[in-house]
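Asker: kindly generate the corresponding structure for this input.
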Amino acid sequence: MLLGVRPLVFLARLLVFFALTFVFWAPFAPLYTKVLAALTQLTISATELFGSEQTRLATTVFSRGDGIFFLHKVFPGYAPPGIPSDWVQANMVLLLPLMLATPAPDLSTRFKRLGIALAAAMALQVIGLVFAIKVTWSNGLGPFSIAHYGILQRKFYQFADAFFQSFDTQLFPVAIWAGIHFRPLLAWVQAKKEPPTPAPKAPPKVSAPPRGKKKARAAPA
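Answerer: Reported below is the predicted structural model:
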């Protein structure tokens, strides 16, 4: 099904939803931060089920105020700077308007797509937080990092953390939106490129003989 996108209408709706999201997201941000911290704790604990005693289930993640914080069990006195929650959630301010402004066949389809987009964004946010913690443990604990993390691990965590920091707020929301609407967007683009199909020509009208006239009968032999 084609989206029926009108660029100016879409832009106007996008700006309206952007302003509404910017205003109304603030009351939900603290609760969302707690959910992110809990999911991050579950995810990073799953990555720490194996390994040495010093690295197994070593991380504690929690939310406080407007940030997400984490501690290492071997270094209870070492508290890295927290990760600001507004930095983690910044992509929502772009993703939600994009999803709400895009036409959909009906409300159920619109909210289904919105739910898929929110789940994908939350998963990417949790992964980004995990890499932010991993890069701290693998590169910021001095001799402990060198002893328990190989050079490939340290390089990988550095790259992954930089990647998520670079693209989380700009690329990921657009990628999620485009991925969910890929088929209708592709159909819309193709419809714009194809020339309009000419209407079929009507068949020529056959004129009926005038009424009141009959064919002449053949004379008898």
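Asker: could you point out the longest helix of the protein?
Answerer: The single longest helix within the chain, with elements called by DSSP state H, is helix 107-139.
Asker: where does the residue nearest to the spatial centre of the chain land on pLDDT?
Answerer: The chain has Ile176 as the residue nearest its centroid, 3.0 Å off, counting by Cα atoms, centre = their mean. Per-residue confidence (pLDDT) for Ile176: 92.
Asker: mind checking how far it is from Gln170?
Answerer: 12 Å (Cβ to Cβ, to the nearest Å). C-beta: built from backbone N, CA, C; applies to glycine.
Asker: and Val35, by the same measure?
Answerer: 23 Å.
Asker: ditto for Ala19
Answerer: Taking Cβ to Cβ as the measure, Ala19 falls 19 Å from Gln170.
Asker: can you list the low-confidence ranges for the protein?
Answerer: 1-5, 184-221 (pLDDT under 70).
Asker: now do the helices in it.
Answerer: Taking DSSP H as the test, the helices found in the chain are 7-24, 29-47, 85-88, 92-101, 107-139, 143-148, 151-167, 171-180, 182-193.
Asker: and Tyr78, how many neighbours does it have?
Answerer: Per other Cβ atoms under 10 Å, the neighbour tally for Tyr78 reads 12.
Asker: show the backbone phi and psi for it.
Answerer: Tyr78 adopts backbone torsions of phi -100, psi 120, taken as degrees, to the nearest 10.
Asker: nearest spatial neighbour of it, chain-adjacent residues omitted?
Answerer: Of all residues not flanking Tyr78 in the chain, His72 sits nearest, at 6.6 Å (Cβ to Cβ, 6 or more residues apart in numbering).
Asker: now Gly67
Answerer: Nearest residue to Gly67 in three dimensions, chain neighbours excluded: Gly82, at 3.4 Å (Cβ to Cβ, 6+ apart).
Asker: residue contacts, the residue lying closest to Thr60 once chain neighbours are set aside?
Answerer: For Thr60, ignoring the flanking residues on the chain, the nearest one in space by Cβ to Cβ, 6+ apart is Leu71 at 4.7 Å. By Cβ atoms under 8 Å, 6 or more residues apart in numbering, Leu71 lies in contact with 59-60, 78-79.
Asker: got a winner among those for most neighbours?
Answerer: Neighbour counts for these, by other Cβ under 10 Å, peak at Thr59, which reaches 20 neighbours.
Asker: Ala119 is in contact with the residue nearest to the centre of the chain, correct?
Answerer: No: here Ile176 lies out of contact with Ala119, judged by Cβ atoms under 8 Å, at a distance of 9.6 Å.
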